[in-house]
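In: no sequence on this one, just coordinates:
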Ligand SMILES: [Zn+2]
Ligand SMILES: [Zn+2]
């Protein structure tokens, strides 16, 4: 039975049908995020709508990345675009091989184009402000890290918003502002301070670098950021870029969950927390 026949049979008019069509339209849009690898051993994140696929960071060798993409059911050849958070090896080691083998465009900030001069210029698109890749609007925001540049990104499509930021030593208001109101946030939760400070394998200079403003985000600082973001409506959080030496998925999860609990926010009720792993493809999270 077509729509008109159904309307006649059930004596409903076009105005009554509008919410149904609105609902169909609403459900037709979707944003998703999935970590393919996360941590100092290599990073790659997949963000996609129904029609656009983006890879953020290629911090795995091509064979390793291919295995992760296969495990996630993603066709590497159908990725439309690549973004890079920063130039550290754990975020770009596979970039050149990926760009040689596949046809994706590389989107880089105008100020960082020199770093990617070896990539054929007809494959590079530069941005300064917000821009679109297919039906996804991309915005970048700087985060403090000891690299030539380091950006977090937000991806929006209509009312859907996903935000991600790793590799930064401190939170500031512009980071909170940028990530505010996202339905899903991926954020660094790098180290347990006690584990790091008592780690006899790490020289003091390295500990200071990690704990410094341009290093990596500790569990308690991440917890504070998640609390701030929860107040803006963030309800799904992916803790990312965990240190294998100075953290564990349970430590990261518990320190954020326990801090939120002291603020009256209950994990599994008010907010959902997942942990991205180094050696496994993460769950696929969707905003519908
Ligand atoms: Zn990193
Ligand atoms: Zn880094």
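Out: Nice, thanks for sending it over. As the structure is a computational prediction, the values presented were derived from the model and not from experiment. Ligands and ions are numbered 1, 2, ... in the order given.

In: how many neighbours does residue 194 have?
Out: Other residues within reach of residue 194, judged by other CB atoms under 10 Å, total 11. Where you see a C-beta, it was placed from the backbone N, CA and C, and this is true even at glycine.

In: now swap in the one 5 residues further on and tell me
Out: For residue 199, the number of neighbouring residues by other CB under 10 Å comes to 17.

In: so how far is residue 243 from it?
Out: Residue 199 sits 9 Å away from residue 243, going by CB to CB, to the nearest Å.

In: reduced to three states, what does residue 224 come out as?
Out: Going by DSSP: H, G, I helix; E, B strand; the rest coil, the secondary structure assigned to residue 224 is helix.

In: check contacts around residue 222.
Out: Residues in contact with residue 222 (CB atoms under 8 Å, 6 or more residues apart in numbering) are 187-190, 239, 252, 255-256.

In: what's the spacing between residue 227 and ligand 2?
Out: From residue 227 across to ligand 2, the span is 24 Å (CB to the ion, to the nearest Å).

In: surely that residue meets residue 262?
Out: No - taking contacts as CB atoms under 8 Å, residue 227 lies outside contact range of residue 262: 9.2 Å.

In: neighbour-wise, which of those two wins?
Out: residue 227 (17 against 9).

In: the more buried one - that's part of a helix, no?
Out: Yes - counting by three-state DSSP, residue 227 is found in a helix.

In: how about it: what's its closest non-neighbour residue?
Out: Using CB to CB, 6 or more residues apart in numbering and skipping residues adjacent in sequence, the residue nearest residue 227 is residue 263, 5.5 Å away.

In: neighbours of the one you found, just the number please.
Out: 14.

In: up against ligand 2, what does the stretch 151-288 of the chain have?
Out: residue 167 (CB under 5 Å from the ion).

In: what ranges does the stretch 151-288 of the chain have for its helices?
Out: In the stretch 151-288 of the chain, the helices defined using DSSP state H, counting those that start in this stretch lie at 173-179, 193-197, 204-211, 219-230, 249-262.
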